[in-house]
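# sequence first, predicted model second:
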Amino acid sequence: MEEQQNENQLNIELSEEIAEGIFSNLAIITHSNTEFVLDFIRVMPGVPKAKVKSRIILTPEHAKRLVHAMLDNVEKFEAINGRIKTQEEPPGFPMNFGGPTAQA
């Protein structure tokens, strides 16, 4: 019985660099008939150019599993911490984040 448990275990390695994570405040999701592409971007106020910091490519099945896992985790988070408030954003992405324009 113990051998079966060991066969079903997955050993996941997390390097120090990856463990630090990458901050993203914009995600762009595109798809084809065979894959979903999630681009994670960091947009800075007053800077008109932003780089993709990470790209994740998923099969449609895994994309759907990710959506369900995210919903489950958001529900659990809100059950403990209260409702996450979201703001309705106007069409298009506000490049100045609603604050003052940067000056140099």
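Sure thing, it's come through.

# any regions of the protein where pLDDT drops low?
1-6, 89-104 (pLDDT under 70).

# hey, where'd the helices end up in it?
Using DSSP state H, the helices found in the chain span residues 2-8, 16-19, 60-81.

# what's the closest of the ones you listed to residue 52?
helix 16-19 (16.6 Å; Cβ to Cβ). Glycine gets a C-beta too; all of them are placed from N, C-alpha and C.

# now do that closest one: distance to the chain's middle.
Averaged C-alpha coordinates place helix 16-19 at 16 Å from its chain's average position (Cα atoms, centre = their mean, to the nearest Å).

# just to revisit the earlier point, of the helices of the chain, flag the one that's most buried.
With neighbours defined as mean count of other Cβ atoms under 10 Å, the helices of the chain peak in mean count at helix 60-81, which reaches a mean of 11.

# can you list contacts of that helix?
31, 34-36, 58, 84 (Cβ atoms under 8 Å, 6 or more residues apart in numbering).

# one more time with 6 Å, if that's ok
residue 36 (Cβ atoms under 6 Å, 6 or more residues apart in numbering).

# i'd like the first residue to be 53 from this point on
With the count now opening at 53, the last piece we talked about shows up as helix 112-133.

# any idea how far that helix is from the middle of the chain?
12 Å.

# dump that helix to PDB, keeping only the CA atoms.
Listed next in PDB are the C-alpha coordinates belonging to helix 112-133 (Å, rounded to 0.1, in the frame of the first residue of the first chain):
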ATOM      1  CA  PRO A 112      -8.100  24.100 -23.200                       C
ATOM      2  CA  GLU A 113      -8.700  21.400 -20.600                       C
ATOM      3  CA  HIS A 114      -6.100  22.800 -18.300                       C
ATOM      4  CA  ALA A 115      -7.300  26.300 -18.800                       C
ATOM      5  CA  LYS A 116     -10.800  25.200 -17.700                       C
ATOM      6  CA  ARG A 117      -9.300  23.400 -14.600                       C
ATOM      7  CA  LEU A 118      -7.400  26.600 -13.800                       C
ATOM      8  CA  VAL A 119     -10.600  28.700 -13.900                       C
ATOM      9  CA  HIS A 120     -12.300  26.300 -11.600                       C
ATOM     10  CA  ALA A 121      -9.300  26.200  -9.200                       C
ATOM     11  CA  MET A 122      -9.100  30.000  -9.200                       C
ATOM     12  CA  LEU A 123     -12.900  30.400  -8.400                       C
ATOM     13  CA  ASP A 124     -12.600  27.800  -5.600                       C
ATOM     14  CA  ASN A 125      -9.600  29.700  -4.100                       C
ATOM     15  CA  VAL A 126     -11.300  33.100  -4.400                       C
ATOM     16  CA  GLU A 127     -14.400  31.700  -2.700                       C
ATOM     17  CA  LYS A 128     -12.300  30.300   0.100                       C
ATOM     18  CA  PHE A 129     -10.400  33.600   0.500                       C
ATOM     19  CA  GLU A 130     -13.600  35.600   0.600                       C
ATOM     20  CA  ALA A 131     -15.100  33.200   3.200                       C
ATOM     21  CA  ILE A 132     -12.200  34.000   5.500                       C
ATOM     22  CA  ASN A 133     -11.400  37.600   4.600                       C
END
